[in-house]
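S.K.: Okay, structure incoming, though there's no sequence with it:
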């Protein structure tokens, strides 16, 4: 392996590491959204069935049906959890690729050291 080939494979490994950081950040943000929405559900559970609920749309507060709001928030939670599941699969795939790349780089470096 030439030094240029080793450098190329190391760059590929760095790119995988950057992708891993980006995806982990996505996962953390999604989990934070799940937590926020679960808090909303808990707060909504405190309300009487006939309570008035409003949603801020732009600069306007619009009246909403409590049952509909609870259903929408629950759907949002499930949707975000689905996203987390997809991100988790992506992370596992990236971990596998990153390990393969690490092994490849180490092997190339060892071959270069053996020749030296």
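M.R.: Cool, the structure landed. In this text, all values refer to a predicted model and were calculated from it rather than measured experimentally. Numbers count the residues shown, from 1 in each chain.
S.K.: and the spatially most central residue of the chain, how far is that from residue 81?
M.R.: Nearest to the mean C-alpha position of the chain, by Cα atoms, centre = their mean, lies residue 27 at 2.2 Å. Here the criterion is Cβ to Cβ, to the nearest Å. By it, residue 27 lies 11 Å from residue 81. For every residue, glycine as well, the C-beta is placed using N, CA and C.
S.K.: do the same with residue 36
M.R.: For residue 36 relative to residue 81 (Cβ to Cβ), the value is 13 Å.
S.K.: for residue 26, same thing?
M.R.: For residue 26, the distance to residue 81 - Cβ to Cβ - is 14 Å.
S.K.: Ok, residue 23 next?
M.R.: Taking Cβ to Cβ, one finds residue 23 at 16 Å from residue 81.
S.K.: picking up where we left off before, over to the residue nearest to the centre of the chain. Which of the three states is it?
M.R.: Following DSSP: H, G, I helix; E, B strand; the rest coil, residue 27 is assigned to helix.
S.K.: And it, what's its pLDDT?
M.R.: In this model, residue 27 is scored at 97, pLDDT.
S.K.: That one touches residue 84, doesn't it?
M.R.: Yes. Between residue 27 and residue 84 there is a contact at 6.3 Å, judged by Cβ atoms under 8 Å.
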